[in-house]
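Enquirer: Need coordinates for the below:
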Amino acid sequence: MSRPELPAAAAVDAPRTDDTHVDDAAASVAPVLTDGVVTLRAHDLGDVDALLEQCTDPEMLRFTTVPHGYTREMAVDRVAQVRADWQQPGADRSWAIEWTPEGGSPRYAGTVDLRPGESPATASLGFALHPAARGHGLMARAVRLVARFAFDTRPWGVPVTRLHWRAVVGNWGSRRVAWSCGFTFHGSLPQTHVDPADRTGPALDAWHASLGPDDALAPGAPWVVPPVLDGDGIRLRPWRDDDGAALEPRGDDPQHWMPGRSVLSAATFATWLTVRRERMSLGQAVEWCVADASTDRALGSVVLFSRDGAIGDTAELGYQLNPGARGRGVATQAARLAVAYALRAEGDGGLGCGRLVAETAADNAASNRVLESAGFTVFGRERKVDRLADGSWGDGLHWELVPPTR
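Expert: Next up is the predicted model:
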């Protein structure tokens, strides 16, 4: 089936001027937007079969509110609806995403929607890719085109000044698109998204982020992927979803040795891991699982992190082990591997840090020995900062490591 004739491409990369706008009355058909790799155009009936495949994909059903039991007739109706919306003031503005795979011909790749917000000056994004189009960076390109359209024109009669994104917590593919396009993340809100698997059940937590017209359409910080580091019988590697099964009870550890929300526990591992992955997506941490080199079984955790924004010149070291992994040098070796990576120049694959710090309870002798062995020295002591089990107060130690070449 041939596609209906489309209007000429919009100049989305042209410099902004005060009189550059598209009012509702003029936007009766989706304008074509392209960056030379992806093309956004009006949906047509040639998209129906691919749209049906997209809307019955397991990932689509897992994270979006697309109706279960989606049919071809529903896809036909959807195409008609999104085309008609362009003729309605205040309605959604939707595009089909088209791309040409290497050695192939142009094909439907997904959809992206610009939706009116609480006021005409705000909008939100919705997007989904066909399974065959994933993994090529296409959606980030599409979102950048739509963002520029939203900011440089007047989709609902006034300029858009804030573009919002949200996704179910755990939808890392969607979050990566928002990150790639320079959205600022505002955290998560509990129970703010219907559960696609149980629409009458409790709502799910959702991530929220937004973008302004003067924001760069590029990542504001690196998305950290921990490198695999091997040494002396252990391996530092990224955490896996099934590593929680290897975690051991820590009930005998004094509570003041580590904040409760940071303690590894099988019961809270899923939430713990999500938080750590969120921090890495913001460039704020490098989180490793400390694993046995021969069995790959999780033994504990080691982390380099920043308390304020992305890791820069200074990073903080933290670590914890299963009780069964203690007393045989595992923490010391893990700390040394992490320290070496932190101090290694960025050009050589490290973080390029010039200073490392750490904090411990003064009475945590084993942890203090690990830091001493890794080359840290105490530079400060805080009096009475830890409430002990017997009601008394303990001191805290502040450590640092500055390479001699600094």
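Enquirer: and the gap between residue 343 and residue 402?
Expert: Look at residue 343 and residue 402: by Cβ to Cβ, to the nearest Å, they are 10 Å apart. Yep, even glycine has a C-beta here, placed from its N, CA and C like the rest.
Enquirer: Could you do residue 191 as well?
Expert: In this view, residue 191 and residue 402 are 46 Å apart by Cβ to Cβ.
Enquirer: And those two? Which one has more around it.
Expert: A direct count of neighbours by other Cβ atoms under 10 Å for residue 191 and residue 402 places residue 402 higher, at 17 against 11.
Enquirer: There's contact between that one and residue 357 in this structure, I believe.
Expert: No: with contacts defined as Cβ atoms under 8 Å, residue 402 does not count as touching residue 357, sitting 9.7 Å away.
Enquirer: Do you have the strands of the stretch 51-200 of the chain handy? List them.
Expert: Per DSSP state E, counting those that start in this stretch, the stretch 51-200 of the chain carries strands over the ranges 93-99, 107-116, 122-129, 162-168, 184-193.
Enquirer: Which one of those strands lies nearest to residue 67?
Expert: strand 122-129 (13.4 Å; Cβ to Cβ).
Enquirer: what's the closest one packed up against?
Expert: strand 107-116, helix 138-152, strand 162-168 (3 or more Cβ pairs under 8 Å, 6 or more residues apart in numbering; DSSP states H and E).
Enquirer: Give the pairing partners of that strand; include direction for each.
Expert: Strand pairing for strand 122-129, using DSSP bridges, gives strand 107-116 (antiparallel), strand 162-168 (parallel).
Enquirer: Mind listing what's buried along the first one?
Expert: For strand 107-116, burial by neighbour count (16 or more other Cβ atoms under 10 Å) applies to 107-114, 116.
Enquirer: What average pLDDT does it get?
Expert: Mean pLDDT, computed over strand 107-116, is 98.
Enquirer: burial count for the residue nearest to residue 139 when sequence neighbours are not counted?
Expert: Using Cβ to Cβ, 6 or more residues apart in numbering and skipping the chain neighbours, the partner closest in space to residue 139 is residue 177 (4.8 Å). Per other Cβ under 10 Å, the neighbour tally for residue 177 reads 25.
Enquirer: and if you look at residue 380?
Expert: If you count neighbours by other Cβ under 10 Å, residue 380 ends up with 11.
Enquirer: Please look at it and residue 395 and confirm they touch.
Expert: No: checked against Cβ under 8 Å, the pair residue 380 and residue 395 is beyond contact range at 10.3 Å.
Enquirer: Deepest-packed of the strands of the stretch 51-200 of the chain, please.
Expert: strand 93-99 (a mean of 24; mean count of other Cβ atoms under 10 Å).
Enquirer: Could you spell out the sheet neighbours of that one, each with its direction?
Expert: Sheet neighbours of strand 93-99, with direction, are listed as strand 38-41 (antiparallel), strand 107-116 (antiparallel) (DSSP bridges).
Enquirer: Which one, of the ones you listed, ends up nearest to residue 156?
Expert: Of all the strands paired with strand 93-99, strand 107-116 sits nearest to residue 156, with 5.5 Å by Cβ to Cβ.
Enquirer: And the strands in the stretch 201-350 of the chain, which stretches?
Expert: 204-211, 229-231, 234-237, 285-292, 298-305, 314-321.
Enquirer: Paired strands for the second one, with orientation please.
Expert: Yep, that's strand 229-231 we're talking about. The pairing partners recorded for strand 229-231 under DSSP bridges are strand 234-237 (antiparallel).
Enquirer: Kindly export the partner strand (C-alpha atoms) in CSV.
Expert: What follows is strand 234-237, C-alpha atoms only, in CSV (Å, rounded to 0.1, in the frame of the first residue of the first chain):
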residue,chain,number,x,y,z
ILE,A,234,37.8,-12.5,43.6
ARG,A,235,36.0,-10.7,40.8
LEU,A,236,34.3,-7.3,40.9
ARG,A,237,31.4,-7.3,38.4
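Enquirer: Give me the average confidence score over it.
Expert: 99.
Enquirer: same deal with stretch 200-217?
Expert: The average pLDDT for stretch 200-217 rounds to 97.
Enquirer: Sort out which residues of that stretch are buried, please.
Expert: Buried, per 16+ other Cβ under 10 Å, within stretch 200-217: 204-211, 215, 217.
Enquirer: Show me the domain layout of this protein.
Expert: 33-211, 229-401 (automatic domain parsing).
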